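Peer 1: Next one to model:
(chains A and B)
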Amino acid sequence: MSSTDQDTTPTSGPDWATIQESAEFTQLRKRLRGFVFPMTAAFLAWYLLYVLLSDYAHDFMSTKVVGNINVGLIFGLLQFVSTFLITSLYVRHANRKLDPVAEKIREDIEGGRQ
Amino acid sequence: MSIPMAQGGVEGSNPWLNMGIFGLFVVITLVIVFRASRSSKTAVDYYAAGHSFTGAQNGIAISGDYLSAASFLGIAGAIALNGYDGFLYSIGFLVAWLIALLLVAELLRNTGKYTMGDVLAFRMRQRPVRAAAATSTLVVSFFYLLAQMAGAGGLVALLLGIENKTGQALVIAVVGAIMIVYVIIGGMRGTTWVQIIKAALLIVGAGVMTLWVLGKFGFNLSSLLGNAVAKVGEGGERLLNPGGQYGLTGTSKLDFVSLALALVLGTAGLPHILMRFYTVPTAKEARKSVVWAIWLIGIFYLFTLVLGYGAGALVGADTIAAAPGGQNSAAPLLAYALGGTVLLGIIAAVAFATILAVVAGLTITASASFAHDIYANVIKRGTVDDKAQEVRVARITALVIGAVAILGGIVANGQNIAFLVALAFAVAASANLPTIIYSLFWKRFNTSGALWSIYGGLTICLVLIVFSPAVSGKPVNPKTGKSPSMLQDVDFHWFPLDNPGLVSIPAAFLLGYLGTIFSKERNDAKYAEMEVRSLTGAHAEKAVAH
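Peer 2: A predicted model of the protein is given here:
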């Protein structure tokens, strides 16, 4: 199964550095990082806000909104909503903006090898 | 409604029925594992199921791996007794998955083969980095295993009515032995099927109970909450408000921040979760598996919210606290209140299946890490021509780890499960996550940075745990006459928090940075290859056809 063994020496195949500097790859990296970095910062900030409010703002979180449902429970359920929403947004972004570019670069590399 | 407690086990529990249903689960899964073993011959089969599961299958298996008995029994019980603060756990466990989705899963799948060590070794010096990665993998897996096996002991007392320690030890040994058979015979393929079946049973079972509870309150969440409050009587409002468990003092509030940080950053560093990303053929399937996992895990935690408050409303916090197994008995008691002995038997069997599947997942991860990283690459320096030999080592390792887990489970029987699980998350977040993130995204990162971060994070984390009030020095609880700390009658703690995350995670990130810039080593060519491959999937490990 030598074909699936991991290389431990620099591969003498594609010129990785050139591909890394190509306009196509730079665009792919920009599209990936441009989405995942701000999104990670946003959901971590929103999560920490929720944790700190639950921890230090008991009165605010205990405010009743409808019946027995208070602000804390609504905020908690909104964490679920935001998690599901970010998941769906990322999948859409990846399918539309990342996969086609990644696929093209991959085919160039693997096609060129044979 | 008040349930008088019978001798041994939860009232209304029929141990023979519970064991019968669990036995059925074991027989069905064993048949599947044997069938799966027919196509498990090579290393890639044993470690990564030939990279041949679909995203959906792997997503269900991930939720099976992740939703441990601590999630099911622990969170439902915490909500029933402490109300809102139990809910906070599940939110941390869920949000954590976004890190796996956005930053880790796909890139990891594209650059590695079987283990976390593969990714780190890509552009660094193989042997030291693999040894470090395997060390932290084994430590995290050990704590997580201990938590699950300790939980099995409690569950036995709860569901089978076996009160004496020898009987419990015997059941722990039997559970451990079945798990070893799964792993050694079925490899990753067999383990994955066990997790898929278990996840389906757990989620469907919890879903049926949730609808049942909601039906009793006219599908009105507010009315359910109102009834849980009314059941407590005086002061029941505290169930709905934050602070019931962690809001008492300034230190406990800070401890909660620390725990929240460990939960959200730990998941993407758990080795048995990372390894699951290698069971699919492509990065796109890895993405699909995380999406499936997020939906299933999220929906399951919404179920536990209803089950926790439902147990509070229908069974009552006092009855739960007084039952064998304490708060872990909330979900089984609720099952009995709803559907009598039969539903209780089904839920009990599901809880056993849960422990079995999670323990199998941990064992295969630890054995793969030892055989692939330490044996094949550190000891044999990557010159093992005979892959069958490597798999043989993995199987023997699984046997040893299984035996250690059984012994550890017998010794740790009665320890606090939630504490041990939180510990595993803290170690994963400190020792693994910084290195994974740096390795995937930071060009300058090098061997010295990885070693500082892994060993530094691991050491700080373990030292802070040993000198925390969780291990020694908590005041004796007048009700039970025992200290909630792990060790009784000694006090050598100086670190104020139970959970070390708040200190150890930032420290590990800082050490990774410092270790990197103090070393001259850099390998830009190898990073170019790694970055291109991680983002495009070029030359990634392909699925094995059978």
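Peer 1: Can you tell me which helix or strand of chain A has the lowest average pLDDT?
Peer 2: helix A:99-113 (a mean of 84; mean pLDDT, DSSP states H and E).
Peer 1: With chain B instead?
Peer 2: For chain B, judged by mean pLDDT, DSSP H and E, that is helix B:69, with a mean of 76.
Peer 1: Does the one residue in the stretch 251-400 of chain B that gets nearest to chain A belong to a helix, a strand or coil?
Peer 2: Per CB to the nearest CB, B:Ala260 is where the stretch 251-400 of chain B lies closest to chain A, at 4.3 Å. Just so you know, the C-beta spots here come from the backbone N, C-alpha and C atoms, and that holds for glycine as well. Put simply, B:Ala260 is helix when judged by DSSP: H, G, I helix; E, B strand; the rest coil.
Peer 1: burial count for it?
Peer 2: Neighbours of B:Ala260 under the rule other CB atoms under 10 Å in any protein chain shown: 26.
Peer 1: Give me the distance between it and B:Arg287.
Peer 2: 26 Å (CB to CB, to the nearest Å).
Peer 1: Tell me the confidence at residue 12?
Peer 2: Answering for chain A, as no chain was given. pLDDT recorded at A:Ser12 is 58.
Peer 1: my question was about chain B
Peer 2: On the pLDDT scale, B:Gly12 gets 68.
Peer 1: Poorly predicted segments of chain A, please.
Peer 2: A:1-12, A:112-114 (pLDDT under 70).
Peer 1: how about residue 102, what does it touch?
Peer 2: Assuming you mean chain A. Contacts for A:Ala102 (CB atoms under 8 Å, 6 or more residues apart in numbering or on different chains) come out as A:28, B:535-537.
Peer 1: sorry, should have said chain B
Peer 2: A:35-36, A:39-40, A:86, A:90.
Peer 1: Filter the residues you listed down to the ones in helices?
Peer 2: Taking DSSP state H, the ones among the contacts of B:Leu102 that sit in helices are A:35-36, A:39-40, A:86, A:90.
Peer 1: which ones among those come in contact with chain B?
Peer 2: A:35-36, A:39-40, A:86, A:90 (CB under 8 Å from any CB of the partner chain).
Peer 1: now those residues as JSON lines including neighbour count?
Peer 2: JSON lines is the format used below for these (neighbours: other CB atoms under 10 Å in any protein chain shown):
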{"residue": "A:Phe35", "neighbour count": "17"}
{"residue": "A:Val36", "neighbour count": "20"}
{"residue": "A:Met39", "neighbour count": "18"}
{"residue": "A:Thr40", "neighbour count": "17"}
{"residue": "A:Ile86", "neighbour count": "20"}
{"residue": "A:Tyr90", "neighbour count": "20"}
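Peer 1: Contacts for stretch B:305-318 next, please.
Peer 2: B:1-3, B:75-81, B:83, B:86-87, B:90, B:206, B:209-210, B:213-214, B:216-217, B:221, B:224-225, B:227-228, B:230-232, B:239, B:320, B:330-331, B:333-334, B:337-338.
Peer 1: CA atoms of it as PDB?
Peer 2: Coordinates of each C-alpha in stretch B:305-318 appear next as PDB, following Å, rounded to 0.1, in the frame of the first residue of the first chain:
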ATOM      1  CA  LEU B 305     -33.600  20.200  28.400                       C
ATOM      2  CA  VAL B 306     -37.200  18.900  28.300                       C
ATOM      3  CA  LEU B 307     -36.200  15.600  30.000                       C
ATOM      4  CA  GLY B 308     -34.400  17.400  32.800                       C
ATOM      5  CA  TYR B 309     -37.300  19.700  33.600                       C
ATOM      6  CA  GLY B 310     -39.800  16.900  32.900                       C
ATOM      7  CA  ALA B 311     -38.000  14.700  35.500                       C
ATOM      8  CA  GLY B 312     -38.200  17.700  37.900                       C
ATOM      9  CA  ALA B 313     -41.900  18.100  37.300                       C
ATOM     10  CA  LEU B 314     -43.000  14.400  37.100                       C
ATOM     11  CA  VAL B 315     -40.600  12.700  39.500                       C
ATOM     12  CA  GLY B 316     -39.500  15.500  41.800                       C
ATOM     13  CA  ALA B 317     -36.000  16.700  42.700                       C
ATOM     14  CA  ASP B 318     -36.100  15.200  46.200                       C
END
